[in-house]
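Visitor: Sequence and predicted structure are below.
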Amino acid sequence: MSERYLSVAQVAERLGTTERFPRRLVAERRITFVKVGRHVRIPESALAEYIAANTVEPARPRRRYRRAAA
């Protein structure tokens, strides 16, 4: 058990959000979490997986102009 477990406040800080957002992720079962008594902890690996799964890659730039007709 060398994995680190983060509190809701720590997850919110890493995501740059308020505590309400990670709590909603937990309530909607959109992220893996562990209940320790009444406390909720989120494994660092689960947070990394969530971020990776929701990362959107940039689209390739479109060409603005078409080639002129020959």
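Guide: Great, that's in hand.

Visitor: Would you map the helices across this structure?
Guide: 8-15, 20-27, 44-53 (DSSP state H).

Visitor: Let me know which of these is the nearest to residue 38.
Guide: Proximity to residue 38, assessed across the helices of the chain by C-beta to C-beta, is greatest for helix 8-15 (12.0 Å). To be clear about C-beta, it is placed using only N, CA and C from the backbone, and glycine gets the same treatment.

Visitor: Let me see the mean pLDDT of the closest one.
Guide: Averaging pLDDT along helix 8-15 yields 98.

Visitor: So which elements touch that helix?
Guide: In terms of contacts (3 or more C-beta pairs under 8 Å, 6 or more residues apart in numbering; DSSP states H and E), helix 8-15 is packed against helix 20-27, strand 39-43, helix 44-53.

Visitor: at 7 Å what do you get?
Guide: helix 20-27 (3 or more C-beta pairs under 7 Å, 6 or more residues apart in numbering; DSSP states H and E).

Visitor: The helix it packs on: which residues count as buried?
Guide: Of the residues in helix 20-27, 22, 25-26 count as buried by neighbour count, 16 or more other C-beta atoms under 10 Å.

Visitor: For residue 2, find the nearest of the helices of the chain.
Guide: The nearest among these, by C-beta to C-beta, is helix 44-53 at 10.5 Å.

Visitor: Please write out the alpha-carbon positions of the closest one in PDB.
Guide: Taking C-alpha atoms only, helix 44-53 is exported to PDB below (Å, rounded to 0.1, in the frame of the first residue of the first chain):
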ATOM      1  CA  GLU A  44      -3.600   9.400  -6.800                       C
ATOM      2  CA  SER A  45      -3.700   6.800  -9.600                       C
ATOM      3  CA  ALA A  46      -7.500   7.300  -9.900                       C
ATOM      4  CA  LEU A  47      -7.100  11.000 -10.200                       C
ATOM      5  CA  ALA A  48      -4.400  10.500 -12.900                       C
ATOM      6  CA  GLU A  49      -6.700   8.100 -14.800                       C
ATOM      7  CA  TYR A  50      -9.600  10.600 -14.500                       C
ATOM      8  CA  ILE A  51      -7.500  13.400 -15.900                       C
ATOM      9  CA  ALA A  52      -6.100  11.200 -18.700                       C
ATOM     10  CA  ALA A  53      -9.600   9.900 -19.700                       C
END
